[in-house]
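In: A structural model of the following input is requested.
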Amino acid sequence: MKILFALLTTLVFHPAYAEELNDFKIANPPSIGTIPGHGKIPLGGLSGLLLERVDPKTGVYHFLSFTDRGLNSEPENYRNDGILDRILILPTYSPLLVEIAFDPKKRLARFGKTIPMRTPNGSATTGRSNVNPRGTETIVDEGIVDSKKVPLAMDPWGIDTESLAADAEGFLWLGEEYGPSILKMARDGRILSRFLPESSPKERAGVRSLPSIFAEREPNRGFEALTIKGDSLFAFLQSPIKKIDGPLRVRVLEFDLKTEKPKGIYLYEMSTAGAKLGDATLDSNGNIVVLEQGVDKKTKARHQSLYELDFSKATNLLNSAPEGAKMEVVKSIKIASLGSLATGEFEKLEGLAALPDGSFAILNDNDFNVELQVAKIHKKSLPKTTDNHLFILKK
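Out: This next block holds a predicted model:
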């Protein structure tokens with residue numbers, strides 16, 4: 001644990017924020033499986049962050065997060081057939097809901113219990129993609145193979161979860177990459193509903209009720225950021241649909257939690273330094289805040305900042321706007337720049353939760369140290385490992 005003093009010279013803060021960012025390594029990661037001959041794999045690959053409660057007696061913060069689809073390599077043409085595949089190192093792995101406890105007095109973050117996610121019929125979910133790219137006219141998913149490059153079976157209910165929120169009735173809502181889709185989930189990890197774009201191929205399991213435009217998202221760039229305000233769920237794509245909206249404008253879906261139907265589409269324009277979103281939350285004042293990250297193409301410096309959003313004047317694109325009408329994007333103001341945190345091992349920050357005192361908790365995604373596991377399998381020199389960390393940006 002340390003205060004990142006190097007951060008202080010580069011921070012640009014909203015007046016409400018002090019220049020202090022604390023870093024806590026999350027202790028005791030449980031094993032999620034074993035690779036024969038190579039040992040146990042510690043839990044990782046965390047995305048999304050939700051503050052469930054603060055213990056009134058101990059002051060301990062109780063968070064909920066989850067893992068994505070599991071250990072997977074970067075896509076390559078492994079089988080020399082023109083199809084990009086990802087290696088799934090643990091093909092039967094089931095994404096997990098993960099409890100995290102943080103004690104500010106003891107300055108200690110620890111993992112709690114894990115809950116496997118399940119399909120509506122009670123079977124375990126997998127991280128396998130839904131649509132087989134081999135033999136299909138339009139490639140909408142990447143292929144998946146095992147560590148020996150043998151193709152794996154697709155899974156209609158396979159999910160790659162990336163974002164998380166909870167509604168007033170206690171249901172969990174998750175955004176994921178395949179489709180992309182929005183999941184309604186019970187607290188025991190069972191998926192109750194999956195909402196997909198109307199144009200989704202028949203191979204995907206779920207209800208086709210979301211606008212088809214979201215199926216045009218960039219590959220592996222689904223609903224990365226998600227939060228709830230009132231009766232509305234706001235789901236942000238991770239990156240712009242460049243062929244339609246250009247390099248900076250990200251589509252945002254507003255979804256009515258009572259009717260379980262879309263009620264709005266908006267455009268959020270990232271800063272010129274931005275490339276993708278990491279997560280979203282509702283702050284202590286009821287404002288939507290997003291975590292934006294990217295890399296400067298010229299200097300290679302990393303950009304990771306928090307922005308407060310205002311949807312009040314943004315044009316709703318769900319229904320066609322009158323011809324000639326001016327299109328307004330979501331307004332934003334930078335409230336914090338994370339500076340030097342964006343360098344080195346903390347390239348991917350994919351969890352964001354507001355705390356009652358106005359501070360923020362931030363979580364990194366270490367990708368299960370997949371490069372380390374691949375190196376073990378192929379008996380190559382071992383790269384540096386990245387642990388799971390919780391950061392507290394203090395008010």
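In: for the chain, name the helix or strand with the lowest mean pLDDT.
Out: Every helix and strand in the chain was compared by mean pLDDT, DSSP states H and E; the lowest is strand 2-3, with a mean of 42.
In: right, and the helix or strand after that strand?
Out: strand 21-27 (DSSP states H and E).
In: what packs against that following strand?
Out: Secondary-structure packing of strand 21-27 (3 or more Cβ pairs under 8 Å, 6 or more residues apart in numbering; DSSP states H and E): strand 2-3, strand 108-116, strand 389-393. C-beta: built from backbone N, CA, C; applies to glycine.
In: deepest of those, which one?
Out: Comparing those on average neighbours per residue, with mean count of other Cβ atoms under 10 Å, the densest one is strand 389-393 at a mean of 22.
In: direction included, what does that one pair against?
Out: Taking DSSP bridges as the criterion, strand 389-393 forms sheet pairs with strand 21-27 (antiparallel), strand 360-364 (antiparallel).
In: got the angle between it and strand 108-116?
Out: Angle, strand 389-393 to strand 108-116, by axes from the mean of the first three to the mean of the last three Cα atoms, to 10 degrees: 120 degrees.
In: now strand 389-393: mean pLDDT?
Out: Mean pLDDT, strand 389-393: 93.
In: also stretch 58-70?
Out: Mean pLDDT, taken over the full extent of stretch 58-70, equals 95.
In: starting at the chain centroid, how far to it?
Out: 13 Å (Cα atoms, centre = their mean, to the nearest Å).
In: before we move on, what about stretch 201-221?
Out: Worked out by Cα atoms, centre = their mean, stretch 201-221 lies 17 Å from the chain centre.
In: how about it: buried residues?
Out: 201, 204-206, 208, 210-211, 213-217, 220-221 (16 or more other Cβ atoms under 10 Å).
In: alpha carbons only: can I get that stretch in CSV?
Out: Taking only C-alpha atoms (Å, rounded to 0.1, in the frame of the first residue of the first chain), the coordinates of stretch 201-221 have been written out as CSV:
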residue,chain,number,x,y,z
PRO,A,201,-28.1,-13.8,-35.2
LYS,A,202,-30.3,-16.7,-34.2
GLU,A,203,-27.4,-18.4,-32.4
ARG,A,204,-27.4,-16.0,-29.5
ALA,A,205,-29.8,-16.8,-26.7
GLY,A,206,-31.9,-13.9,-25.4
VAL,A,207,-34.7,-11.4,-26.0
ARG,A,208,-34.1,-9.3,-29.2
SER,A,209,-35.3,-5.9,-28.1
LEU,A,210,-32.4,-3.4,-28.2
PRO,A,211,-31.8,-1.1,-31.2
SER,A,212,-29.9,-2.9,-34.0
ILE,A,213,-27.3,-0.1,-34.2
PHE,A,214,-25.5,-1.6,-31.1
ALA,A,215,-24.8,-4.8,-33.0
GLU,A,216,-22.5,-2.7,-35.2
ARG,A,217,-20.1,-2.1,-32.4
GLU,A,218,-16.4,-2.7,-32.9
PRO,A,219,-15.3,-6.4,-32.3
ASN,A,220,-14.7,-7.0,-28.6
ARG,A,221,-16.1,-3.6,-27.7
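In: per-residue confidence averaged over it?
Out: On average, stretch 201-221 scores 94.
In: and the buried residues of stretch 201-221 as a markdown table, adding distance to Arg134 and secondary structure?
Out: Converted to a markdown table, the buried residues of stretch 201-221 look like this (distance: Cβ to Cβ, whole Å; DSSP: H, G, I helix; E, B strand; the rest coil):
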| residue | distance to Arg134 | secondary structure |
| --- | --- | --- |
| Pro201 | 14 | coil |
| Arg204 | 17 | coil |
| Ala205 | 20 | coil |
| Gly206 | 22 | coil |
| Arg208 | 24 | strand |
| Leu210 | 26 | strand |
| Pro211 | 28 | coil |
| Ile213 | 27 | helix |
| Phe214 | 25 | helix |
| Ala215 | 20 | helix |
| Glu216 | 22 | helix |
| Arg217 | 22 | coil |
| Asn220 | 18 | coil |
| Arg221 | 22 | coil |
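In: that concludes my questions; thank you for your assistance.
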